[in-house]
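Peer 1: build the 3D model from these lines:
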Amino acid sequence: MKRYDVIIIGAGPNGLAAGAYLCKAGLKVLLLERQLEAGGGLASEEATLPRFIHNTHAIYHLMVEYAPPYKDFNLANENVKYVYPDLQFAMPLSNGKSLCIYKDVDKTCASISQFSKKDAETYREINQKFQVQMDSFLAAATYVDPMPAPLQAAMLESTELGKEISSYTSKSPRRIVEELYENEHVRALMLYVAAHWGLEPDVDGIGYLAVLCLNRASHYQLCVGGSHSLAQALIRIILHNGGMIWGSQKIKRILVNNGTAIGVEMEDGRVIEADKAVISTIDPIQTFIKYVGKENLSEEFIETTENFKWEHWSLLTVHLALDKAPVFKDPAINNACVYAPVGIETEEELLGLWDSITTKGELVTQGFSACFPSVHDPSQAPGGRHTGLISQMAPYKLKEGTTKYYNYLFKEEIAERCLETLRKYTVNLNGENILWRVTHTPLDFENRFPDMVLGSIKQGAYDPLQLGFLRPNEFCSNHRTPIGKLYLGGASSHSGGLITFGPGYGVANAVADDLGVNKWWGTPDIVAKAREKGLIP
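Peer 2: Next up is the predicted model:
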């Protein structure tokens, strides 16, 4: 029988981050991963042809300058490097023009002014405001335990900056964008970047996340060598500090004795004991209903857990191996980081697209984002050749039936329709240039990552009643659970999905605090400054 101080279920980005912190603090840590290789969504694979590296889940990293692990582990010295393209977003239009978001505010304003001088002026003003909100509160709130909404609101209302932040929080993404911008093309792009990563455009009470996404639209970075380079660095840190990672592991149950987690039992009968903590980075349904068992839970907690909501949509991706780099009809946008929403040019069209996906179960092959990582990082493809990615919001519950996603010919048809849309804005994405392609559907995501139920790429919907102090519920939002020594640290917990490391960092702090472990890491500067301003406790 094996014994460890801490067992971590799931070796995705948050599990790896938590494991790295706790290993370096001197704890004996074991990570159990269902996949053969650790990393979870930080996956970079030869999905098409040899030496063509495709990021098959996470590709854009949005919080590189804020996330504590980058500084705490000095990841730059662990060969984690990033490309930060000057041209961040480009929305190609059928009239030959393009609307662009750059790192540089002046360049962005110049692009917007082609469509509306008023909107350009608004962007300049709001860009500065949102950056202040990000630096002062939004980034910091990602890396501290959440407060109940009324208490957090009261704290924000005590300062002028806090009142400004609160004024956006109560609104929907669509309302924020429509109040700021007047031009239909500008609204389309801004609403896309505000809501594409999981926010319902017309839902009130999530405006602070729309502000975060709008701010991050000029901060997209690509990990050199592919997203898995980040996972590899954390794996090295864990192994260097005495931790263990076991791949291809299937759990039968979390062992509970007198209301306290004491280890795990594997499907093959092995028992692994945890003397101090068990951390689950998978979804609450699997963690509690499947692995802890209803016999160890109260009826109220069972009901709350079973009511956990998943997203109304997932992703469909087409990975391309290209002989040559894509050439867009507007040469000014050839080196963009992200092309989006390709094939959709107005706010009305964008809202219609989302309605088709979320309420009708229709798979629409336009309004997607496109990216060509090897244009910015040549290491992701053989010399002179390139990789491409089409990423389309898609319904898991397809109106023809979810199992149709298994049909190879249907997947090929969808890929070809997406390419037809992209060809309207390019000149060389023909059969000769496309060496190979592979399509991944919402069903593929769920089959590969069982905690992404219904293809839920962030382990649960971003809903006002399922965020902050309520993620995944009011019993577990500080990463602790009703089961003693059992903690949550995945994207279904605060602060949610994407590569922010918020949940992994938060659960590492919770475990270290509860165990009285000497924390070798300090308080992030952004957190300390937010506390000085009285915006967080």
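
Peer 1: can you check the pLDDT for residue 162?
Peer 2: On the pLDDT scale, residue 162 is placed at 92.

Peer 1: so, low pLDDT: which residues of the protein?
Peer 2: The chain contains no residues with pLDDT under 70.

Peer 1: switch the cut-off to 90
Peer 2: 1-2, 196-199, 311-313, 450-451, 457-458, 537 (pLDDT under 90).

Peer 1: quick one: residue 163 is in a helix?
Peer 2: Yes. The assignment for residue 163 is a helix, going by DSSP: H, G, I helix; E, B strand; the rest coil.

Peer 1: ok, the closest residue to it other than its chain neighbours to residue 283 distance?
Peer 2: Distances taken as Cβ to Cβ, 6 or more residues apart in numbering place residue 157 nearest to residue 163, at 5.7 Å, with adjacent residues excluded. Heads up, the C-betas are built off the backbone N, CA and C, glycines and all. According to Cβ to Cβ, to the nearest Å, residue 157 stands 34 Å off from residue 283.

Peer 1: for the two, indicate the residue with more neighbours.
Peer 2: residue 283 (28 against 12; other Cβ atoms under 10 Å).

Peer 1: burial measure for the nearest residue to residue 173 once chain neighbours are set aside, as a count.
Peer 2: Ranked by Cβ to Cβ, 6+ apart and with sequence neighbours excluded, the top spatial neighbour of residue 173 is residue 210, at 3.9 Å. Neighbour count of residue 210, defined by other Cβ under 10 Å: 27.

Peer 1: what do you get for the one 5 residues further on?
Peer 2: Number of residues near residue 215 (other Cβ under 10 Å) recorded here: 23.

Peer 1: please apply the same query to residue 131.
Peer 2: 15.

Peer 1: where's it, which helix or strand?
Peer 2: helix 117-133 (DSSP states H and E).

Peer 1: quick one: contacts of that helix?
Peer 2: For helix 117-133, contacts defined as Cβ atoms under 8 Å, 6 or more residues apart in numbering pick out 105, 108-110, 112-113, 161, 164-165, 168, 180-183, 186, 211, 214-215, 218.

Peer 1: residue 203 versus residue 348, what's the distance?
Peer 2: Taking Cβ to Cβ, one finds residue 348 at 19 Å from residue 203.

Peer 1: which of these two has more neighbours?
Peer 2: Applying other Cβ under 10 Å to residue 348 and residue 203 shows that residue 203 carries more neighbours, namely 18 against 12.

Peer 1: list the contacts of the residue lying closest to that one once chain neighbours are set aside.
Peer 2: Counting by Cβ to Cβ, 6+ apart, residue 172 is the residue found nearest to residue 203 once chain neighbours are left out, at 5.5 Å. Contacts for residue 172 were tallied using Cβ under 8 Å, 6+ apart; they are 200-207, 210.

Peer 1: export those to TSV and tack on distance to residue 411 and secondary structure?
Peer 2: Below are those laid out as TSV (distance: Cβ to Cβ, whole Å; DSSP: H, G, I helix; E, B strand; the rest coil):
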residue	distance to residue 411	secondary structure
200	27	coil
201	28	coil
202	31	coil
203	31	coil
204	37	coil
205	37	coil
206	33	coil
207	37	helix
210	32	helix
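
Peer 1: pull the most distant pair out of the residues you listed.
Peer 2: Distance extremes for the contacts of residue 172: the farthest pair is 201 and 205 at 13.0 Å, using Cβ to Cβ.

Peer 1: who's more crowded, those two?
Peer 2: Neighbours around residue 201 and residue 205, counted as other Cβ under 10 Å, are more numerous at residue 201. The numbers are 23 against 15.

Peer 1: and the more buried one, how close does it get to residue 218?
Peer 2: 21 Å.

Peer 1: and residue 314, by the same measure?
Peer 2: From residue 314 to residue 218 the distance is 26 Å (Cβ to Cβ).

Peer 1: the more surrounded of these two?
Peer 2: Taking neighbours as other Cβ under 10 Å, residue 314 and residue 218 compare with residue 314 leading, 25 against 20.

Peer 1: residue 453 is in contact with the more buried one, correct?
Peer 2: No. Counting by Cβ atoms under 8 Å, residue 314 does not reach residue 453; the two are 10.0 Å apart.

Peer 1: now for these two: what residues contact both?
Peer 2: residue 446.

Peer 1: where's residue 152, which helix or strand?
Peer 2: Per DSSP H and E: helix 149-156 holds residue 152.

Peer 1: may I see the buried residues of that helix?
Peer 2: 149, 152-153, 155-156 (16 or more other Cβ atoms under 10 Å).
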